[in-house]
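Peer 1: Have a look; sequence and predicted model below, questions after that.
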Amino acid sequence: MKSWRGVVFFCLIAGIQVASLSAEIPPPLPKLREQAAIQQEWLKLRLERVLPTLMRRYGVQMWLVICREYNEDPVFFSLVSATQFAARRRTIYVFFDRGEQEGVERLALGGGAQGGLYTVYRDPEVENRELWGQGQWALLKKLIEDRQPKNIAVNISHTHAFSDGLSASEREQLEDALGEKWKSRFVRAENLPLDYINIRLPEMLPVYRQMMEIAHALIKRAFSNEVITPGKTTNDDIVWWLRQRVNDMGLGTWFHPTVRVQRQGMPFGSILSERGETVIERGDVLHVDFGITAMRLNTDTQHMGYVLKAGEKEVPAGIKKALVNTNRMQDILLEKIRPGKSGNEALAAALAAIKAAGINGTIYSHPIGDHGHGAGPLIGLWDRQQGVPGRGDVPILPSTWFSIELSGQTEIPEWGGQALWVGQEEDAFVDAEGKAGWVLKRQTDYHLVK
């Protein structure tokens, strides 16, 4: 039987370890009510600062966003309060530019005023009609005829999902209700919803940085002896540990995490975990892809870990070099992301520089923010290194965020020349002046399992 002194000592040590681990987790985000107030202020600033500029940039006098409950336009949730969980029956938002002096009028037909940011439109002449059916279309036609817009932007696009929110049935009813006169003034200003979703307020960055701190801290714990016991723990155990911690913290995940395992003697293309659940052993190289959701923002991070062999004190030099190579790729791509260039131009310039540096790498980066795979220019796809027509031709804008996602293959001398795949992903910003930088930091050392 153990002495009581031994039990107390064990409990004290365990308590110190738990306290040490919990100290690594950054402070939680504000309580929900405070989050909603912050998000409401973001919405107000986006509608006042960003939207009028974009409507004038693309020559749009009136913009219609039309959707039904549970069939929302992709831009809908970037236009409404945090407390709005869906459209109401049919919701129509009308934005009408009255010029620099009077500004953009924001009108709601169905739905609500979103905390006073929209004017709920009513008209006695059509009030006696059923509001959610033909009466709603009659109300919209009356609104348009009163304002006589020179053009009307509708969300239809073959290229960008974010700009293609007008469903087929709503389009048919819209055209029937307005007739040829107004239908002839429809325009597809695809970049209007695309850029509105894409552009980030500087006020969002502190919250986003705190989210990144949480994501990094959770990965650090996941790739440590707190979670991993070599010879026992599987990659799926780590995945579900991450999911559970995110849930316990009141956060969301925008995709199911993945943990990959690479091992000496297993060539690239035969990553063990892609064959099924894999027990982690000493000497394994680990990769995680992980993202959290909070306050209608999303993060996206990929880090690498290493499980030390018995007697090892540090990562073997060849494995270290593989991470150095992808860090160099990150530096190169960040240098090429400049406003005015398209995603395809940034991709081509970065790949040329990576090749000149003697690195075997692939780039597949994307905007991030309101969505994980966000609105804006793609910078490659894993299977489209020659560029992405349409989606890669969009210009990079100031005040946007990118998930710098890429990978490299490096031959490892300690593994007999076997190639090691290293995937990296860190979120970055392009500020109002066009300068790019990391939201938090990027990984430069492997997470170690001892």
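Peer 2: Great, that's in hand.
Peer 1: Surely residue 140 touches residue 91?
Peer 2: No. Applying C-beta atoms under 8 Å, one finds residue 140 not in contact with residue 91, separated by 11.6 Å. Just so you know, the C-beta spots here come from the backbone N, C-alpha and C atoms, and that holds for glycine as well.
Peer 1: What helices and strands are in contact with the helix or strand hosting residue 344?
Peer 2: Secondary structure assignment for residue 344, by DSSP states H and E: helix 343-356. The elements that helix 343-356 packs onto, with contact taken as 3 or more C-beta pairs under 8 Å, 6 or more residues apart in numbering; DSSP states H and E, are helix 317-336, strand 360-363.
Peer 1: which of the residues in that helix are buried?
Peer 2: Buried positions in helix 343-356, judged by neighbour count with 16 or more other C-beta atoms under 10 Å: 343, 344, 345, 346, 347, 348, 349, 350, 351, 353, 354.
Peer 1: Include pLDDT when you put the residues you listed into JSON lines, please.
Peer 2: Listed next are the buried residues of helix 343-356 as JSON lines, based on pLDDT from 0 to 100:
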{"residue": "343", "pLDDT": "98"}
{"residue": "344", "pLDDT": "98"}
{"residue": "345", "pLDDT": "98"}
{"residue": "346", "pLDDT": "98"}
{"residue": "347", "pLDDT": "98"}
{"residue": "348", "pLDDT": "98"}
{"residue": "349", "pLDDT": "98"}
{"residue": "350", "pLDDT": "98"}
{"residue": "351", "pLDDT": "98"}
{"residue": "353", "pLDDT": "98"}
{"residue": "354", "pLDDT": "98"}
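Peer 1: Just list the residues touching residue 100, thanks.
Peer 2: Residues near residue 100 by C-beta atoms under 8 Å, 6 or more residues apart in numbering: none.
Peer 1: Same question for the one 5 residues further on.
Peer 2: For residue 105, the residues meeting the contact criterion (C-beta under 8 Å, 6+ apart) are 94, 95, 96, 97, 98, 119.
Peer 1: Could you report the pLDDT at it?
Peer 2: Note on residue 105: pLDDT of 97.
Peer 1: Name the next helix or strand downstream of the strand or helix carrying residue 260, please.
Peer 2: Using DSSP H and E, residue 260 sits within strand 258-262. Using DSSP H and E, the helix or strand that follows strand 258-262 in sequence is strand 285-290.
Peer 1: what angle sits between that next one and helix 317-336?
Peer 2: Strand 285-290 and helix 317-336 are oriented at 30 degrees to each other (axes from the mean of the first three to the mean of the last three C-alpha atoms, to 10 degrees).
Peer 1: Each with direction, which strands does strand 285-290 pair with?
Peer 2: As defined by DSSP bridges, the strand partners of strand 285-290 come to strand 258-262 (antiparallel), strand 301-307 (antiparallel).
Peer 1: what about residue 222, neighbour count?
Peer 2: 24 (other C-beta atoms under 10 Å).
Peer 1: who's in contact with it?
Peer 2: 228, 238, 241, 242, 259, 288.
Peer 1: could I get the helices and strands packed on helix 343-356 as TSV with mean neighbour count?
Peer 2: Output for the helices and strands packed on helix 343-356, formatted as TSV (neighbours: other C-beta atoms under 10 Å):
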stretch	mean neighbour count
helix 317-336	19
strand 360-363	20
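Peer 1: Same list (the ones you listed) but as JSON lines, adding distance to residue 189.
Peer 2: Output for those, formatted as JSON lines (distance: least, C-beta to C-beta, whole Å):
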{"stretch": "helix 317-336", "distance to residue 189": "28"}
{"stretch": "strand 360-363", "distance to residue 189": "29"}
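Peer 1: any chance of those in TSV, plus distance to residue 39 and mean pLDDT?
Peer 2: Listed next are the helices and strands packed on helix 343-356 as TSV, based on distance: least, C-beta to C-beta, whole Å; pLDDT from 0 to 100:
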stretch	distance to residue 39	mean pLDDT
helix 317-336	29	98
strand 360-363	32	98
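Peer 1: following the helix or strand that residue 217 is a member of, which helix or strand comes up?
Peer 2: Using DSSP H and E, residue 217 maps to helix 205-222. Sequence order places helix 235-248 as the next helix or strand after helix 205-222, per DSSP H and E.
Peer 1: Need the residues that contact that next one.
Peer 2: By C-beta under 8 Å, 6+ apart, the surrounding residues in contact with helix 235-248 are 218-219, 221-223, 227-228, 252-253, 256-261, 273, 277-278, 280, 286, 288, 290, 292.
Peer 1: Of the residues you listed, which qualify as buried by neighbour count?
Peer 2: Counted by 16+ other C-beta under 10 Å, the contacts of helix 235-248 give 218-219, 221-223, 227-228, 253, 257-261, 273, 278, 280, 286, 288, 290, 292 as buried.
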